[in-house]
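**Student:** Generate coordinates for the sequence data below:
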Amino acid sequence: MRPPISWSDLADLRVGVYGLGTEGRANLRACDVRGLHPVLVDDRPPATTADDPDLDGRVVLATESGGQAALLLCDVVIKSPGVPAYGPVVRELEAAGVLVAGGLGLWLMEAPREKVLCITGSKGKSTTTSIAGHLLSGLGYRTFVGGNLGSPPQDPRAAGEYDRYVIEVSSYQATDLPVSPPVVAVTSLSPDHLPWHGGDPETYFADKLSLATNPGVRTVIANGEDVLLATRPELQTGHTRWVRSTDDPDATWMQPLGLLGAHNRLNAMVARECLRALDVPEADDAAALERAAAGFAGLESRLHIVGDVGGVTFVDDGLSTNVLPVLAAVDSFPDRRVALLVGGQSRGIDYRPLATGLRRRTLPLAVFTMPDNGPDIAAALGTEGAGDTVTVEATASLAEAVARAYEWAAPDGVVLLSPAAPSFGRFKDYRDRGRAFVAAMESLRT
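**Tutor:** Numbering: from 1, shown residues only. Here you go, the predicted structure:
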């Protein structure tokens, strides 16, 4: 747990901003509007800052070339979520008595927490956050939706008058929170981001679920069909409301959301229960919810149908970067043959459960592996045995995987990019990978 300090507490203190990605820049802008003059440090600083509107010519020190030493002279260091809490730099800062905080935690300390809903989970958190925010907006509430998804709430550019805040919280961000709002939600739990969490699944689980155990929590909304969540002692309290698909088997109110897959229907039910916990009266009015659900666009790279070529449907599910969401994505197409594209940056995930899950398929499924960790996934599928209906083929690139998958899926199958691994290394981010997927699909039309 991070120190219980807020942005207002930083006046007259020596402040450092460590990491200048999306949230780091939001932290810098938050410092600027408060008249703070932080030391700026990044592991890979830009070559020049003269033309950068955020940096405006300011010096950014490299961590290994004076930056770490400069941070040690600070009273408080605001670190970006991507900076490992268990890494050597943070450990040295803490040992020296420097307070290390996250920008989201600083915001939450002084935010109107009764209006805030925080949502986390190994899978489903982005979709649930988006649905909850969409419903609240459709019901007439001025709603901010952000955090790990979209803009950080501490960013001055996000300032406004809001009735509700719906904040997606990653495991990185959860580790940096000193408190939680009264209502939080956990959509699922499975090992992920293990290198950041010291390589230990139990550390990851504890960090993820700290959102549900921090001071301030009154109600935890949790997926009652997640086996691992059901075993966690952190949730075995009277504060937890378990949500199951049998709670509302028809749930016709969610039809306008246009959701693919039973798991997304459960995400919508979790979102509705969050609204109930926030004492939103319309949460019990199915007709009002159905009207509010209209116009939901869904999320880019989350079971997003991007096109059709010759009867083959192409689906971008690039945000599925671990095993559980991949299996949920495959299960969203129970009556069609699926060509599954997997592989990306390696981060120590055990892929044997992927083989176990794919064995349930009765229709043919082809797995096309891609660099960098495609061989690891193929080895796990081979060792565990993915079943008679599953074939595995290695490819050297996303473009090759798309071409081979299309050949296999024709004339009426599904090509599903659900990589079970992050995009970094070969692509800038998941959006870049998604664009490459669409470009490869479009090339098949020529």
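**Student:** Worst mean pLDDT across the helices and strands of this structure, which element?
**Tutor:** The helix or strand of the chain with the lowest confidence, counting by mean pLDDT, DSSP states H and E, is helix 374-384 at a mean of 88.
**Student:** For it, C-alpha coordinates in PDB please.
**Tutor:** Taking only C-alpha atoms (Å, rounded to 0.1, in the frame of the first residue of the first chain), the coordinates of helix 374-384 have been written out as PDB:
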ATOM      1  CA  GLY A 374       4.600 -18.800 -30.400                       C
ATOM      2  CA  PRO A 375       6.900 -21.700 -29.900                       C
ATOM      3  CA  ASP A 376       6.200 -21.700 -26.100                       C
ATOM      4  CA  ILE A 377       2.500 -21.800 -26.800                       C
ATOM      5  CA  ALA A 378       2.900 -24.600 -29.300                       C
ATOM      6  CA  ALA A 379       5.000 -26.600 -26.900                       C
ATOM      7  CA  ALA A 380       2.300 -26.200 -24.200                       C
ATOM      8  CA  LEU A 381      -0.400 -27.300 -26.600                       C
ATOM      9  CA  GLY A 382       1.700 -30.300 -27.700                       C
ATOM     10  CA  THR A 383       2.700 -31.300 -24.200                       C
ATOM     11  CA  GLU A 384      -0.800 -31.200 -22.800                       C
END
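**Student:** in that helix, what's buried?
**Tutor:** Going by neighbour count (16 or more other Cβ atoms under 10 Å), the buried part of helix 374-384 is G374, D376, I377, A378, A380, L381, E384. Any C-beta I mention is one placed from the backbone N, CA and C, and that applies to glycine too.
**Student:** same question for the very next helix or strand once past it, mean pLDDT?
**Tutor:** Sequence-wise, the next helix or strand downstream of helix 374-384 (DSSP states H and E) is strand 390-394. Across strand 390-394, pLDDT averages out at 95.
**Student:** Give me the contact list for whatever helix or strand comes next after strand 390-394.
**Tutor:** With elements assigned by DSSP H and E, the helix or strand that comes after strand 390-394 is helix 398-409. The set of residues external to helix 398-409 that reach it, using Cβ atoms under 8 Å, 6 or more residues apart in numbering, is 309, 312, 337-339, 341, 343, 366, 368-370, 393, 395, 415, 417, 426, 433, 436-437, 440-441, 443-444.
**Student:** in stretch 95-103, what's buried?
**Tutor:** Along stretch 95-103, these residues count as buried under the neighbour rule (16+ other Cβ under 10 Å): V98, L99, V100, A101, G102, G103.
**Student:** Endpoints of it, how far apart?
**Tutor:** The distance separating the two terminal residues of stretch 95-103, taken as Cα to Cα, to the nearest Å, comes to 21 Å.
**Student:** for the record, mean pLDDT for that stretch?
**Tutor:** Along stretch 95-103, the predicted confidence averages to a pLDDT of 98.
**Student:** Can you tell me what sits against that stretch?
**Tutor:** With Cβ under 8 Å, 6+ apart as the contact definition, stretch 95-103 has outside contacts at 2-3, 5, 23, 26-27, 30, 71-72, 74-81, 85, 90, 93-94, 152, 154, 173, 175-178.
**Student:** ok, back up a step: which ones among the contacts of helix 398-409 map onto helices?
**Tutor:** For those, the ones inside helices are R433, A436, F437, A440, M441, S443, with DSSP state H as the criterion.
**Student:** which of those count as buried?
**Tutor:** Buried members of the ones in helices among the contacts of helix 398-409, counted by 16+ other Cβ under 10 Å: R433, A436, F437, A440, M441.
**Student:** export these to CSV and tack on pLDDT and distance to V186?
**Tutor:** Supplementary listing: those in CSV, determined by pLDDT from 0 to 100; distance: Cβ to Cβ, whole Å:
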residue, pLDDT, distance to V186
R433, 97, 27
A436, 98, 32
F437, 98, 30
A440, 98, 35
M441, 98, 35
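**Student:** how about those residues in TSV, adding distance to L275?
**Tutor:** Supplementary listing: these in TSV, determined by distance: Cβ to Cβ, whole Å:
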residue	distance to L275
R433	33
A436	37
F437	34
A440	40
M441	37
